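**Student:** Output the structure for:
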Amino acid sequence: MRKSSITKKVSTFILDGNCCNVPFSYMAQAKNIAMLSSTLLLFLLVSPVIGYTCEKTAKICETSLSIGHYLTMFNRDTLAVYPKQGKLYKYDVTNTSNADPVPKEDIISGDGWEVRKLLVVANQSLPGPDIIVYEGQTVIIHVKNHLHSDTVTVHWHGLHQSGTPFMDGVPFVSQCPIESGQTFTYKFKAYPPGTFWYHSHVGSQRVDGLLGAFVVRKNEPDPLPEHIMQIQDWNHDWGGDMGYQLMVNRIIENRTKYTPSQSLDGSFFSLFKAQSGLINGRGRFYSDLESGTHNEAPLEVFNVKQNTSYRFRVISVGALFPFRVSVDNHMLSVIESDGYPIRPTLVESFVINPGERFDFVINANQSIGNYWIRGKTLEVTPRYTIAEAILRYDDAPDVEPTTARKVCTEQDKCVVINCPFTYFPKNEFTECIRFDQLRSSASNDPAPPVVDGKFKEYFLNYAFPGVTSFPSSVNGIAMEFPPVSGVSQPQQITTGCKHVHCEDQKHCKCTNALSLNHGDTVQMVLLNMGVGRGWAHPVHMHGHSFYVLKMGYAEYNETTGKFIAQNSDIDCRGGVPIQKSFCNNASWSNQTWLNGNVPGLELQNPPRKDTLIIPSGGYAVIRIRADNPGLWIMHCHIELHASDGMAMLLNESFSYLPKTPKHFPTCGDFKIEDEEKFSVIADVKIHDTIPMQQFYITVGVMVAVILIQLLIIIINLRNSHRKSSLFKIDNTHSSNAKTNQAFTP
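**Tutor:** Sure, this is the predicted structure:
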């Protein structure tokens, strides 16, 4: 539920930059802005907000998010709607030709499925309101939890939170969760510039709709006009928590096990049923993809002017599936990923995974008309999922496109960026560009070098190892979150792995943390290998944008594109063949590659990301400099995998950790020891009883007072009766007191 995504100042709620140049407390706002903030919060409760764009000259940008439940295909005026010919109509309309459609901006339509679905959203919209600020500004966002039965936090995906690790929005890592009815104020610097987003980090609320775009613009003259495009897979029957339970315990439909989708390379996706795809919260349900039969639900429209170039900021906000994104009759110049520039690369399409962002420039140089924007998952059997939107030139008619996707030929092949495998089938005439083949366009941003005594290398396997059970894990350890805020209450963490028995060929569960020394160059080899290898995992690191130095893919058949064998550069160890190894303690097969001596590393112009696919049966070599003190989570951004434990913590430069704000919330377990129980019972006996003599005296005094009051009432009644008889006034209907409706039957 959002208006046209052209991000101008129209349809935005903008605070005056001058109002905010005052000292700020995390617990109480300065008095001269309290009334404004209260008004803003009230505004958010009663009306959906389309977006917030901060003034370019403002030092402080302040806005609010109101988190609550909302329904699809609903608003309070129409109660329910249904789709017809790309429009929405009130549920009781029988003749749409003579009825006014309901404005689609007032409805979260999803895929147009008429059975309403319960969502968790910000400001009554899906996606939530765009938040657009400028590099270096101080951002203040008040998050109010109106959920009846759940907590919430908001993570600012891709922002480094340098100096503010307690604002990262991860429950039981950077903060305590925000309880129902509470407000938490986030305050941080807008850095780095680029395309980012925000989403809940509690449970599966992201899948239920709590997400939105967060853009940090550069301070540059004459930027291109731009659109924001958020793409996701969608299940209109159940929410995130139900989806997770069904992944773990299987989907059974019509007394038959649901078959998971399979990728082109032969890998299986996790058990997640997506009936459709959405772009900016809109899509349509296809009852038959082959015939093109759908429910005629409305789609998002991106308006462009002929012979003008536009920047599209594309964000994958979905639960599981990667989408291949293209625009009919238009080539895409990909210029940025995850907020960092890459050398412009002209392609037919690109693949985007949950958590990733890609920016591309499109030249509207075709004839005036309507063109399909397509997102198609990489599923091949037994189904696939599509998301659609419309690219509409100014002065084009308000009709759906009739365009077709480019036909790839041997003479004119299609080029795709960010493939999770090496080859498409040969007969599809499609070439892959892996992400590590791209180069940064930054003039001076080389990878951190290897320094003697200040270089560490770690092998981290994101997989599902096991024999009879296959939990999501990192090096066989499923993540257990502590019951406290790790950043502000580190001494109270009791769930660490120190006393847990984790071995090469076993899995366990604990708070898995990797301690990083300040200033070290840290090289991580992220794996997806061994007996637990799965579909390519998009791994997201909080607190950093890492350098991508190299990616090692599995061995594939060049003709069919099918998987053949896992990458031989890695020794999974464990004393068993790689097909049986948990790969919990991996290393290089060639030990001369240790200490940063891996051949083929791109050190001068490596691209940077915060979310990167780890190919099935392969690996990625990344580096960071440990210079951002904090406790950062690093996890698979497939919601089902993260919820199941595919995550770990980076305990970075902890002695340099900034001091938490005054009165920062704390949380934790509460247990009553046996001695305390006895003490409480004894205290109750002593203080809640009185001697019997004192009891009788108290009762006697109370009785005497009551008798005196009764006597006074009787005397007053007699006097009143005499006056009434003397003046003959009828009091039967003299009372005008209103009835308190709260106490009427």
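**Student:** Show me where the stretch 101-250 of the chain has its helices.
**Tutor:** 240-249 (DSSP state H, counting those that start in this stretch).
**Student:** mind listing the strands for it?
**Tutor:** 118-122, 130-134, 138-145, 154-157, 183-189, 194-200, 211-217, 226-234 (DSSP state E, counting those that start in this stretch).
**Student:** Given the second one, what are its sheet partners and their directions?
**Tutor:** In other words, strand 130-134. strand 51-53 (parallel), strand 211-217 (parallel) (DSSP bridges).
**Student:** report the angle between the axes of that strand and strand 226-234?
**Tutor:** 140 degrees (axes from the mean of the first three to the mean of the last three Cα atoms, to 10 degrees).
**Student:** and strand 130-134, which residues are buried?
**Tutor:** Neighbour-count burial for strand 130-134 flags 130, 131, 132, 133, 134 (criterion: 16 or more other Cβ atoms under 10 Å). Heads up, the C-betas are built off the backbone N, CA and C, glycines and all.
**Student:** Dump the residues you listed into JSON lines; add distance to residue 379 and pLDDT as well.
**Tutor:** Shown next, in JSON lines, are the buried residues of strand 130-134 (distance: Cβ to Cβ, whole Å; pLDDT from 0 to 100):
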{"residue": "130", "distance to residue 379": "30", "pLDDT": "97"}
{"residue": "131", "distance to residue 379": "32", "pLDDT": "98"}
{"residue": "132", "distance to residue 379": "34", "pLDDT": "98"}
{"residue": "133", "distance to residue 379": "37", "pLDDT": "98"}
{"residue": "134", "distance to residue 379": "39", "pLDDT": "97"}
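**Student:** Pull the contacting residues for the nearest residue to residue 625 once chain neighbours are set aside.
**Tutor:** Nearest residue to residue 625 in three dimensions, chain neighbours excluded: residue 448, at 4.3 Å (Cβ to Cβ, 6 or more residues apart in numbering). Under the criterion of Cβ atoms under 8 Å, 6 or more residues apart in numbering, the neighbours of residue 448 are 521, 547, 623, 624, 625.
**Student:** the inter-axis angle of the helix or strand encompassing residue 392 versus strand 226-234?
**Tutor:** Assessed by DSSP states H and E, residue 392 sits inside strand 386-393. Using the same axes, to 10 degrees, the direction of strand 386-393 lies 160 degrees away from that of strand 226-234.
**Student:** and strand 386-393, what does it pack onto?
**Tutor:** Judged by 3 or more Cβ pairs under 8 Å, 6 or more residues apart in numbering; DSSP states H and E, the packing partners of strand 386-393 are strand 226-234, strand 276-279, strand 301-304, strand 370-377.
**Student:** now the ones you listed in JSON lines, with distance to residue 462?
**Tutor:** Output for those, formatted as JSON lines (distance: least, Cβ to Cβ, whole Å):
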{"stretch": "strand 226-234", "distance to residue 462": "20"}
{"stretch": "strand 276-279", "distance to residue 462": "25"}
{"stretch": "strand 301-304", "distance to residue 462": "35"}
{"stretch": "strand 370-377", "distance to residue 462": "21"}
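**Student:** Out of these, which gets nearest to residue 483?
**Tutor:** Among those, strand 226-234 comes nearest to residue 483, with 31.4 Å by Cβ to Cβ.
**Student:** Report the distance from that closest one to the chain centre.
**Tutor:** 13 Å (Cα atoms, centre = their mean, to the nearest Å).
**Student:** for the record, mean pLDDT for that strand?
**Tutor:** The average pLDDT within strand 226-234 is 97.
**Student:** And stretch 94-114, by the same measure?
**Tutor:** Mean predicted lDDT for stretch 94-114 stands at 94.
**Student:** Also stretch 599-613?
**Tutor:** Mean predicted lDDT for stretch 599-613 stands at 97.
**Student:** and if you look at stretch 323-336?
**Tutor:** Stretch 323-336 comes out at a mean pLDDT of 98.
**Student:** Can you give me the distance of the residue most central in space within the chain to residue 172?
**Tutor:** Centroid-nearest residue in the chain, with Cα atoms, centre = their mean: residue 199, separated by 3.1 Å. According to Cβ to Cβ, to the nearest Å, residue 199 stands 17 Å off from residue 172.
**Student:** now do residue 111
**Tutor:** 34 Å.
**Student:** Please report the number of neighbouring residues for residue 256.
**Tutor:** Residues near residue 256, counting by other Cβ atoms under 10 Å, number 8.
**Student:** What pLDDT is listed against it?
**Tutor:** Reported pLDDT for residue 256: 88.
**Student:** okay, now the nearest residue to residue 61 once chain neighbours are set aside: neighbour count?
**Tutor:** Spatial nearest neighbour of residue 61, chain neighbours left out: residue 54 (3.5 Å); criterion: Cβ to Cβ, 6+ apart. By the criterion of other Cβ under 10 Å, residue 54 has 25 neighbours.
**Student:** Number of residues surrounding residue 137?
**Tutor:** 23.
**Student:** That one and residue 59 touch, don't they?
**Tutor:** Yes: in this structure, residue 137 is within contact of residue 59 by Cβ atoms under 8 Å, at 6.6 Å.
**Student:** Tell me the spacing between the residue nearest to residue 625 and residue 407.
**Tutor:** Applying Cβ to Cβ to residue 448 and residue 407 gives a distance of 45 Å.
**Student:** now do residue 97
**Tutor:** 38 Å.
**Student:** in this protein, what spans have low per-residue confidence?
**Tutor:** Low-confidence segments of the chain (pLDDT under 70): 1-50, 382, 674-696, 698-699, 714-745.
**Student:** let's go with 80 and repeat that
**Tutor:** Along the chain, the model assigns pLDDT under 80 to residues 1-50, 381-383, 673-705, 707-745.
**Student:** All the helices of this structure, in order from the start?
**Tutor:** Per DSSP state H, the chain carries helices over the ranges 31-46, 240-249, 639-644, 674-687, 692-727.
**Student:** Can you name the residues that contact residue 108?
**Tutor:** Applying Cβ under 8 Å, 6+ apart, the residues near residue 108 are 1, 70-74, 119, 121, 124-126, 209, 281.
**Student:** now the residues you listed: which count as buried?
**Tutor:** 1, 70-74, 119, 121, 124-126, 209, 281.
**Student:** need those residues in CSV with distance to residue 346, can you?
**Tutor:** Compiled in CSV, the buried ones among the contacts of residue 108 are given as follows (distance: Cβ to Cβ, whole Å):
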residue, distance to residue 346
1, 34
70, 41
71, 43
72, 38
73, 40
74, 43
119, 38
121, 37
124, 40
125, 34
126, 33
209, 35
281, 30
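**Student:** just those residues now: which is nearest residue 426?
**Tutor:** residue 281 (37.9 Å).
**Student:** now that closest one: how far from residue 156?
**Tutor:** 20 Å.
**Student:** re the thing from before, export the strands paired with strand 130-134 to CSV and append columns for mean neighbour count.
**Tutor:** Below are the strands paired with strand 130-134 laid out as CSV (neighbours: other Cβ atoms under 10 Å):
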stretch, mean neighbour count
strand 51-53, 24
strand 211-217, 25
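**Student:** Determine the number of other residues adjacent to residue 462.
**Tutor:** Residue 462: 29 neighbours (other Cβ under 10 Å).
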